[in-house]
Every structure is written in structure tokens, then in C-alpha cells.
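> Let me see the structure of the following:
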Amino acid sequence: MLGSLLRRGIKPCFRPTGTHLLVNSRLLFPVNAIGLRYKSDVSSEINKFSEKISPVLPTESAEVTAQGVQDAQSIETIQSIQNITPDSVATMDHIQTIAESVPISPDQIGYFESVGLAESWISPSGFFQHIFEYVNVYTGMPWWGTILTVTIATRLLMLPLYIASSDTSAKMTRIKPELTDLLERTKNTSDPIEMQKVVLERRNLMKENKIKILDMGKPLLSVPIFIGYFNALRGMSNVPVSGFTSEGMAWFTNLAAPDPFCGLQILTAAFYAATFRYFGGETGAATVSPVMKKVFTYMPFIAVPLTMSLPASVCFYFSINAVFAVLQSLMLKSAKVRAILGMSKMVTPEEQAVINQRLGTSASGDDSVISALRKKYQDARDNAEKRMRDEQIKKMKDDEYKMVKQNEYIQIRDKSQNK
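Below you'll find the model as predicted:
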């Protein structure tokens, strides 16, 4: 049949075979869209082939009926198509199967999903895996640059939360003596009416200074973001995604393996310790006790051996956050920056000395851990003894009241009997 077509001057239209057409059309398109495109190409080629075959029929053959000609044409056309069509794409269902089996290149959207990552936009880890994939595909950056870019962008978006918390912390520091006095009044009274008065005074004090307690806790919203980053990067390292084993930087070229020198862990611990020790935490205005300041100073170094087995990608994320925390603290401690952002002024060392004097603490704040724990224990013991005394007094009053009522009842009964 193919030879007869060539002798009559008709050239059959051959369509591309194999997966070449599929691969060229996969970029940034889902698999289903590729299958539809391939089907439309096959249908168009079949239509063109049929149009070229139809004029070949002999019109001068009167002995052949029209129905016979149509049947012969249909049979020959089908046989020709079967001869020139590869077996691998014989049916539309087979075409769809082949389209779905063609692997997605790492530089295409959908690669993460093909390896079991980025399965959802709802979960924190899936959301950040999607973000990592889009940034890496559209920018072409190596993976260390992708992680750096996405992390810094996320920290910049979270900056307003830390600004609000820093502003509230500075305001709270100025009224700390008044708040401490109100707290002492609450401890020293068991009268419900007096306690209600203290609560009302505290509420008015906060309102006058435009303080919103919820602003203090806004940085806690970064916890689910931290968990999402951690799980996303660890999942990408476990696969590992293409390029993760070679697109690191400096001494940690393999992002899927642990840092061989623990340099990222030590760098992270040093920057976080400096943030809490010298720069007032990530808000630049943290008013933690001396004991907690020491705890936050040494805790990052305790975490170094605990993070030695983590992939370098996760530790790299930690180190980026630590460096950004130092820069953020320095910025929020700057008087010029606070004035531009409309934030309240930081408490000066002289003002802090006055506040400490009113609170009865040392200006340097170098109380030892043991003395602080001893003071906490003594306060708890005094409060427990006070509660016991209050309960005893209340019980004595109740017993006295019962005795009075009982005596009144006896007197009334005696009077009624005498009558």
C-alpha cells in the first residue's frame, strides 16, 4: 500500500516517533497537558494523511460500487496507518501511559512532586518545598543561593513582628517598677475587692502607655515557619534532590550530608549567644533576668553536639538565621532606626540604673544563679506559709461563726421552752 501511494505521487505524512516530541513539550507543563497535545498532533497527522489518500480513488471504475470503494479505502487507510505508526504509540491510552512515564527534568516545575516532595501547599514543609523549587527553577541559582535567598526573604517578611515586640518591650521596661508594685500588692492581699482594684489599675497603666501584651508574643509565630523549614530541608536532603550533593559552598559542598567540620553549628551557636548576651535578643530590647541571660548564652553551645548529624542544608539555614538575628538586633537598638520607624526610645543605662534602684536590684545585674534560686525558693516558701496562715484564720472565723450561731439557737430554744 505504501508503495502504491508513492507511485501515485502521494507522500504519506510520518509523525515523530519515540519520546522526542514529549520531552520537548514538557517544560513547565503538567503531564496531562502533554498527553493532550500529543493526542492532538496524532489526530492532525491522521486527518492530513486521510485527505491525501482520498483523491487517489479511481473515479472511472464503473464496475466498482461506491460502497465497495469506501470499504476498500477504509481498510487500506487503516492498514497504512498501522504500518507507519510505531507499536509504542498504537493507541491513545498507550500514548498517555508513555507521556506519564517520561521523567521530569530537575530544572522543571513538578520535579519535586515526581520524587515524593512538595505534595501539598497546606503543610508548612510542603509549602516551603514548593517555594524552594520555584525559586531554584526560575532563577537558576545553586542550591546554597536558593536557601539563602528564601531564608532572607522570609526573615524580612517577619521583621514587622519583631518591630512590634521590640517597641512593646521598651515600653514595658519603663513602667516595670509600677508593675512590680502592683504585683506585690496582689501577693500581699487575699481580699477579692482589693485584687480587683489592682487589676483595674494595671489595665489603666497599660492603656495609658499604649501597650498591647499580644505584641510581645508575635515573634512566636515564627515557630511553625521554623518547623516548616526544618522538615522541608531535611526531606530534600533525604531524597536527595538533584544538585544537593554538589551545590553547596565553602567547606560544605554536599548539602545532603552533615557538615564535616561542624563549622555551621559553631557559627550558629556563637552568633545566637552574642545576640542574647550583648544585643538584647532578636528584638534588641529584651529584658530578661541575669539568670536567663546566662542560660541563653550557653544553651546554643550545648546544642552543637545535638545537631552534628543534621544535613548541612538545615545547619546552613540555622546559621543564616543567626547572622540575620545579630544584624536585626543592631538595627532595632539604633536610635535613628527607632525614630524612623516611630518606635519608643530604648532605656538608657542611666535610666536602667534608676529602675534597678527602685526595684531593689543591682545596677550591674550580676546576681549569681545560686542566689537567684535561693531567693525564688524563699519567696515560694513565704507564699506557702502565708496561704496556710490565711486558711487557718479563715477556719477559725468559720468555727467562731458556727459557735455563735449555735449559741443563738440554744438561747432561742431555751426561751421557747420557758414559755
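
> how about the nearest residue to I227 once chain neighbours are set aside, what does it touch?
In space, and not counting its chain neighbours, I227 is closest to P124: 5.9 Å by Cβ to Cβ, 6 or more residues apart in numbering. For glycine as for every other residue, the C-beta is placed from the backbone atoms N, C-alpha and C. With contacts defined as Cβ atoms under 8 Å, 6 or more residues apart in numbering, P124 is in contact with 224-225, 227-229, 231-232.

> repeat that for 7 Å
With Cβ atoms under 7 Å, 6 or more residues apart in numbering as the criterion, the residues that contact P124 are 224-225, 227-228.

> mind checking pLDDT for the closest residue in space to F230 that isn't next to it in sequence?
Among residues not flanking F230 along the chain, V314 sits closest, at 6.1 Å (Cβ to Cβ, 6+ apart). On pLDDT, V314 comes in at 96.

> residue ranges with poor pLDDT in the stretch 51-200 of the chain?
Across the stretch 51-200 of the chain, the ranges flagged by pLDDT under 70 are 51-103.

> Among the contacts of P124, find me the one that's closest to Y162.
I225 (12.9 Å; Cβ to Cβ).

> State the distance from that closest one to E391.
Distance, I225 to E391, by Cβ to Cβ, to the nearest Å: 47 Å.

> quick one, which of these two is more surrounded?
Remark: of I225 and E391, I225 carries more neighbours, 16 against 11, as counted by other Cβ atoms under 10 Å.

> Quick check on the more buried one: phi, psi?
phi -70, psi -40 (degrees, to the nearest 10).

> same check, this time on D191
D191 adopts backbone torsions of phi -80, psi 120, taken as degrees, to the nearest 10.

> Contacts only, for it.
Neighbouring residues of D191 by Cβ under 7 Å, 6+ apart: there are none.

> where's it relative to R203, distance?
18 Å.

> Next: D215.
The spacing between D215 and R203, counted by Cβ to Cβ, is 16 Å.

> ok, A153 - how many residues close by?
Residue neighbour count, defined by other Cβ under 10 Å, stands at 12 for A153.

> Relative to the whole chain's centre, how far out is the strand or helix carrying it?
Taking DSSP states H and E as the criterion, the element that holds A153 is helix 143-174. Average the C-alpha atoms of helix 143-174, do the same for its chain, and the two points are 14 Å apart (Cα atoms, centre = their mean, to the nearest Å).

> ditto for stretch 228-242
Centroid displacement of stretch 228-242 relative to its chain, using Cα atoms, centre = their mean, is 13 Å.

> Tell me which residues of it come out buried.
Within stretch 228-242, the residues that qualify as buried by neighbour count (16 or more other Cβ atoms under 10 Å) are 228-233, 235-237, 240-241.

> Now flag whichever of these is closest to K376.
K376 lies nearest to F230 out of the buried residues of stretch 228-242, by Cβ to Cβ, at 33.7 Å.

> Check the closest one and give its pLDDT.
Here, the pLDDT recorded for F230 equals 95.

> could you give the angle of whichever strand or helix holds it to helix 143-174?
Taking DSSP H and E as the definition, one finds F230 inside helix 222-238. Between the axes of helix 222-238 and helix 143-174, defined by axes from the mean of the first three to the mean of the last three Cα atoms, to 10 degrees, the angle is 160 degrees.

> Identify the residues contacting the helix or strand just after helix 222-238?
Remark: after helix 222-238, the chain's next helix or strand is helix 263-278, criterion DSSP H and E. Counting by Cβ under 7 Å, 6+ apart, the neighbours of helix 263-278 from elsewhere in the structure are 251-252, 259, 281-282, 293, 296-297, 300-301, 303-304, 307-308, 312, 315-316, 318-319, 322-323, 325-326, 329.

> Which members of those residues are positioned in strands?
Judged by DSSP state E, the subset of the contacts of helix 263-278 located in strands is empty.

> which residues sit in contact with T186?
Remark: with contacts taken as Cβ under 7 Å, 6+ apart, T186 is in contact with 195, 198.

> Could you do R338 as well?
With contact taken as Cβ under 7 Å, 6+ apart, R338 is in contact with 345-346.

> Kindly provide the distance from R234 to L221.
According to Cβ to Cβ, R234 stands 22 Å off from L221.

> about what we covered before: what's the burial count for the residue nearest to F230?
A count of neighbours around V314, defined by other Cβ under 10 Å, yields 23.

> And it, how far from A322?
V314 sits 13 Å away from A322, taking Cβ to Cβ as the criterion.

> And for L157?
As it turns out, when the distance is counted by Cβ to Cβ, L157 lies 18 Å from A322.

> So between the two, which is more surrounded?
Per other Cβ under 10 Å, whichever of L157 and A322 has more neighbours is A322, with 21 against 10.

> how close does the more buried one sit to N188?
44 Å.

> Ok, V404 next?
If you measure V404 against N188 using Cβ to Cβ, the figure is 29 Å.

> If you count contacts, what does the helix holding A153 end up packed against?
Secondary-structure packing of helix 143-174 (3 or more Cβ pairs under 7 Å, 6 or more residues apart in numbering; DSSP states H and E): helix 124-139, helix 213-216, helix 312-333.

> Show me what counts as buried in that helix.
By neighbour count, and taking 16+ other Cβ under 10 Å as the criterion, the buried residues in helix 143-174 are 143-144, 146-151, 154-155, 158, 161-173.
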